[in-house]
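Trainee: Let's see this in three dimensions:
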Amino acid sequence: MKKLCKYGLLFVWVVVFLHYYGQFMPKNILFPIVGIPVLFISWNAISRFLDKVLE
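Mentor: From the prediction side, this is the model:
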């Protein structure tokens, strides 16, 4: 159940991030260059935080 909660929250984070990132970031070469690392770093940070909280 803890894994389901963790991955559910991470999925919601990715959807919200990509929605707002797509609205505010211009669609040029910087879109994937900035978006992919920011999404990866934030995914890892939230995942580690949830691992500590949901122990």
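Trainee: Poorly predicted segments of this protein, please.
Mentor: Within the chain, not a single segment meets pLDDT under 70.
Trainee: what about the helices in it?
Mentor: Using DSSP state H, the helices of the chain run over 2-24, 30-53.
Trainee: could these go into TSV alongside mean neighbour count?
Mentor: In this view, the C-beta of every residue, glycine as well, is placed from N, C-alpha and C. Listed next are those as TSV, based on neighbours: other C-beta atoms under 10 Å:
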stretch	mean neighbour count
helix 2-24	11
helix 30-53	12
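Trainee: Now do the contacts for residue 49.
Mentor: Taking C-beta atoms under 8 Å, 6 or more residues apart in numbering, we find residue 49 in contact with no residue.
Trainee: just residue 9 next, same as before
Mentor: 46, 50.
Trainee: 10 Å instead, please
Mentor: 46, 47, 49, 50, 54 (C-beta atoms under 10 Å, 6 or more residues apart in numbering).
Trainee: biggest separation within these, which pair?
Mentor: Spatial extent of these (C-beta to C-beta) is set by the pair 46 and 54 at 11.6 Å.
Trainee: Next, show the common contact partners of the two.
Mentor: Looking at what touches both residue 46 and residue 54 (by C-beta under 10 Å, 6+ apart), the common residues are 6, 9.
Trainee: follow-up on the earlier one: including distance to residue 26, could the contacts of residue 9 go into JSON lines?
Mentor: Output for those, formatted as JSON lines (distance: C-beta to C-beta, whole Å):
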{"residue": "46", "distance to residue 26": "26"}
{"residue": "47", "distance to residue 26": "29"}
{"residue": "49", "distance to residue 26": "30"}
{"residue": "50", "distance to residue 26": "32"}
{"residue": "54", "distance to residue 26": "37"}
